[in-house]
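Student: quick one, what's the 3D model for this:
(one chain, ligands or ions: 1)
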Amino acid sequence: MKKISILGSTGSIGKSTLRVVDNLDSQCEIVYLTANRNAEQLIKQALKYQPKAVAIVDNDAGKTVADTLGSSIEVLTGRAGLLEIAGRNDVDLVMNGLVGSAGMEPTLKVVEAGVDVALSNKESLVMAGSIIETAKQQSGASIFPVDSEHSAIWQCLAGEDLDDVRKIILTGSGGPFRTRNVKTFKDITPDEALNHPNWDMGNKITIDSATMMNKGLEVIEAHWFFGLNADEIDIVVHPQSIIHSMVEFADRSVKAQLGVPDMKIPIQYALTYPRHSSAEWEELDLIKAGQLTFEAPDLEKFPCIQLAYDAMHAGGTTPAILNVANEQAVYRFLAGSIKFTDIPAIVKKACADHHYIPKPTLADLKELELWATDFVSAYN
Ligand code: MG
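Tutor: Residues are numbered from 1 along each chain as shown. This next block holds a predicted model:
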């Protein structure tokens, strides 16, 4: 029985993880659940899975949860409650399904506690890759990819030697604006950007897919997961989202991992690794899928891709600034206070203007996170 904690259990990844846990039936036990502010959903989940404790970040929502569950289940509240649950070592695996930079410190807490992480929160490695890597080496914890592209590469690398890898090829759907005229990008509305052609995901990552910043963040994530340099990580646009990524080896042999675009598959693999457990989910029908097509990413339409490569080259605090500025710009775009095309402009300026630190500590990153948040809210 694998003891599991889910950070962000009421979000898109959290809910899919619980469906995977249902599928795995007696193989997993839920020990902890955490949510940001969705009290109703967290209560429902707690009553069903009977965890040892739950944490909810929003204090008002926390009162509702404590009133309902407090007599039978430990209820922690606030950001401190989330971090405490993240740091508990009486579990075998923590699923980090948190959204954005808020997921970075919890990842570090889990790794420091010596517990393995199934990492959906790519922002953790983008912001604090070097700090997390050091903590991993000290504690012996492992990090398993949940992001579909990185799971694909991980699966392609099974039984292989990393030294034999020539490059990896991250695929991306190209998002909803792949064929839209770039001249009209300034008129893109949040509703249009939230309408992803293939994947059903949370709002933040859906906007990142529309700007293709998501692919840029995934390049930096791949750098930390697989120890590859920028020139060993390529991006190919593949609108059907059937091939989830590829690995090219020294002899030019290329391996790919395929499947229907369904996050439950990479989530379950991270939970059952190195086994592929049985599941009754939709199977890939290649005849129905028909043509699989590929094209180069359009860097004029999607400048965020180049910004991410540049941030990776700059290193130090730049990827963290890229990430925080992007996140805050995405929220401003969703709120209707900036244009779609302002997102890369803001990110570029934040990366250029910030106080660069080559080897940041966690405290440095927290301070810069505040700076970048202020920077974006002041932008007009
Ligand atoms: Mg992905």
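Student: okay, CA-based contacts and neighbour counts for the rest of this
Tutor: Will do.
Student: tell me how far the nearest residue to Ile220 once chain neighbours are set aside lies from the ion.
Tutor: Counting by Cα to Cα, 6 or more residues apart in numbering, Ile220 lies nearest to Val126, which is 5.8 Å off, once chain neighbours are set aside. Distance of Val126 to the ion, given as Cα to the ion, to the nearest Å: 13 Å.
Student: list the contacts of Val126.
Tutor: By Cα atoms under 8 Å, 6 or more residues apart in numbering, the residues touching Val126 are 217, 220-221, 319-320, 323.
Student: would you mind measuring from Cys304 to Ile243?
Tutor: 23 Å (Cα to Cα, to the nearest Å).
Student: between the two, which one's more packed in?
Tutor: A side-by-side neighbour count of Cys304 and Ile243, using other Cα atoms under 10 Å, places Cys304 first with 26 against 22.
Student: what segments of the stretch 101-250 of the chain are strands?
Tutor: 116-119, 143-145, 165-172, 233-237, 243-249 (DSSP state E, counting those that start in this stretch).
Student: next up, the contacts around the residue of the stretch 251-380 of the chain found nearest the ion.
Tutor: Closest residue of the stretch 251-380 of the chain to the ion, Cα to the ion: Met263 (9.3 Å). Met263 is in contact with 13, 16, 148, counting by Cα under 8 Å, 6+ apart.
Student: what about the ion: which of the residues you listed touch it?
Tutor: Ser148 (Cα under 5 Å from the ion).
Student: most neighbours of all the contacts of Met263, which one?
Tutor: Most crowded among the contacts of Met263, counting by other Cα under 10 Å, is Ile13 at 26 neighbours.
Student: quick check: that one touching Gly97?
Tutor: Yes - applying Cα atoms under 8 Å as the test, Ile13 and Gly97 come out as touching, 5.4 Å apart.
Student: now Val219: closest residue in space that isn't a chain neighbour?
Tutor: What sits nearest to Val219 in space, not counting adjacent residues and going by Cα to Cα, 6+ apart, is Ile233, at 6.6 Å.
Student: how many neighbours does Gly103 have?
Tutor: 22.
Student: can you list residues touching both of Ile13 and Gly97?
Tutor: Contacts common to Ile13 and Gly97, judged by Cα under 8 Å, 6+ apart, are Ser120.
Student: so for Gly100, what's the nearest residue that isn't a sequence neighbour?
Tutor: Counting by Cα to Cα, 6+ apart, Gly100 lies nearest to Glu123, which is 5.7 Å off, once chain neighbours are set aside.
Student: distance of that neighbour from Trp154?
Tutor: Taken as Cα to Cα, the span from Glu123 to Trp154 is 19 Å.
Student: now swap in Gln306 and tell me
Tutor: 25 Å.
Student: quick one: which of those two has more around it?
Tutor: Using other Cα under 10 Å, the more surrounded residue of Gln306 and Trp154 is Trp154, with 21 against 15.
Student: list the contacts for that one?
Tutor: Counting by Cα under 8 Å, 6+ apart, Trp154 touches Pro145.
Student: now swap in Ile207 and tell me
Tutor: Ile207 neighbours (Cα under 8 Å, 6+ apart): 193-194, 330.
Student: ok, of those, which come out buried?
Tutor: 193-194, 330 (16 or more other Cα atoms under 10 Å).
Student: just send those back as a markdown table, with pLDDT and distance to Ala55 too.
Tutor: Below are the buried ones among the contacts of Ile207 laid out as a markdown table (pLDDT from 0 to 100; distance: Cα to Cα, whole Å):
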| residue | pLDDT | distance to Ala55 |
| --- | --- | --- |
| Ala193 | 96 | 32 |
| Leu194 | 95 | 29 |
| Val330 | 97 | 26 |
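Student: now, which of the residues you listed sits nearest Ala314?
Tutor: Of all those, Ala314 sits closest to Val330, with 22.7 Å by Cα to Cα.
Student: for Ser278, see how far away the closest one is.
Tutor: 38 Å.
Student: equivalent analysis for Asp60, please.
Tutor: Taking Cα to Cα as the criterion, Asp60 is separated from Ser278 by 41 Å.
Student: chain center to stretch 113-123, what's the gap?
Tutor: Put simply, stretch 113-123 sits 10 Å off its chain's centre (Cα atoms, centre = their mean, to the nearest Å).
Student: ends of that stretch, how far apart?
Tutor: Stretch 113-123 has an end-to-end distance of 20 Å (criterion: Cα to Cα).
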